[in-house]
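Novice: how does the following fold in three dimensions:
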Amino acid sequence: MDGYDTGRLIYLIVLGLMVCTWFFAQNRLSTNKLLQQGAIWGLIFLGVIAAYGLWDDISQTVRPQQAVFSEQGQVVVPRSPDGHYYISAEVNGTPVQFVLDTGATMLVLTRADALAAGLDPDTLTYTGRAMTANGEVRTAPVRLDTLTLGPATDTDIPAVVNSGEMAQSLMGMTYLQRWGRIEIAGGELTLTR
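Specialist: As a prediction, this is how the structure comes out:
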């Protein structure tokens, strides 16, 4: 536990002691009422802690997920709360989460995603340059054996590995052009082959 967590724990303990002291002072003549209110506040406190601890699981259940319709050759991706479209694909058999970026020319892998897909970023030759929102970065051209997105598996895909820090891999237009139709409507992005 770091200093921030310790401070939060101390704050919660002090807050709990203050609430208990107030209950006791207000209801010292009526013990049954004190116990009843204490139990109610204790359950509320436990409920808040449980909801906070399980928030990631709850949001994963409530948030719409990427859907694949193999019969129609479609992948439907809901817009995330931050306004981006996140697409799950497999690169060389390894699951990778991409941000769909129509402003990006290439399929761009982070160093971590490239390593997971069997490409060693330390042995690549970073001969390319790319302009990003954070400035110029070096890139290494690579070819991916396979990229599977929904019902489609493509082989020998050109991509680049970014030498800089990137939060997520980008799915750019060189790959997206392989899909016959890209449609954004009603908070969903639909790719159709």
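Novice: in the chain, which spans are helices?
Specialist: 3-26, 31-53, 55-62, 111-116, 173-176 (DSSP state H).
Novice: as TSV, those helices with mean pLDDT, mean neighbour count and distance to residue 185 would be great.
Specialist: Bear in mind the C-beta positions are built from the backbone N, C-alpha and C, glycine included. Formatted as TSV, the helices of the chain follow (pLDDT from 0 to 100; neighbours: other Cβ atoms under 10 Å; distance: least, Cβ to Cβ, whole Å):
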stretch	mean pLDDT	mean neighbour count	distance to residue 185
helix 3-26	82	11	43
helix 31-53	80	11	34
helix 55-62	61	9	22
helix 111-116	94	18	29
helix 173-176	92	17	16
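Novice: rebuild these as JSON lines, extending it with distance to residue 188.
Specialist: Below are those laid out as JSON lines (distance: least, Cβ to Cβ, whole Å):
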{"stretch": "helix 3-26", "distance to residue 188": "38"}
{"stretch": "helix 31-53", "distance to residue 188": "29"}
{"stretch": "helix 55-62", "distance to residue 188": "16"}
{"stretch": "helix 111-116", "distance to residue 188": "25"}
{"stretch": "helix 173-176", "distance to residue 188": "16"}
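Novice: what's the closest of these to residue 165?
Specialist: helix 111-116 (8.5 Å; Cβ to Cβ).
Novice: can you list the domain ranges for the protein.
Specialist: Using automatic domain parsing, the domain ranges for the chain come out as 3-61, 64-192.
Novice: ok, which of the helices of the chain comes nearest residue 131?
Specialist: Smallest distance to residue 131 across these (Cβ to Cβ): 15.3 Å, for helix 173-176.
Novice: tell me the helices and strands packed up against the closest one.
Specialist: Applying 3 or more Cβ pairs under 8 Å, 6 or more residues apart in numbering; DSSP states H and E, we find helix 173-176 packed against strand 152-162.
Novice: name the residues of the strand it packs on that are buried.
Specialist: Across strand 152-162, burial judged by 16 or more other Cβ atoms under 10 Å covers 152, 157, 159-162.
Novice: in the sheet, which strands lie alongside it, parallel or antiparallel?
Specialist: Sheet pairing for strand 152-162, assigned by DSSP bridges, gives strand 108-109 (parallel), strand 135-149 (antiparallel).
Novice: tell me how far that strand lies from the chain's centre.
Specialist: 22 Å (Cα atoms, centre = their mean, to the nearest Å).
Novice: please save the CA atoms from it in CSV.
Specialist: Extracted in CSV, the C-alpha atoms of strand 152-162 (Å, rounded to 0.1, in the frame of the first residue of the first chain):
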residue,chain,number,x,y,z
ALA,A,152,-11.7,-11.7,-41.9
THR,A,153,-8.1,-13.0,-41.7
ASP,A,154,-5.5,-11.1,-43.8
THR,A,155,-1.9,-12.2,-44.3
ASP,A,156,1.3,-10.3,-45.0
ILE,A,157,0.0,-7.0,-43.6
PRO,A,158,2.4,-4.0,-43.7
ALA,A,159,2.6,-2.2,-40.4
VAL,A,160,5.1,-0.1,-38.3
VAL,A,161,6.3,-0.4,-34.7
ASN,A,162,6.5,2.9,-32.9
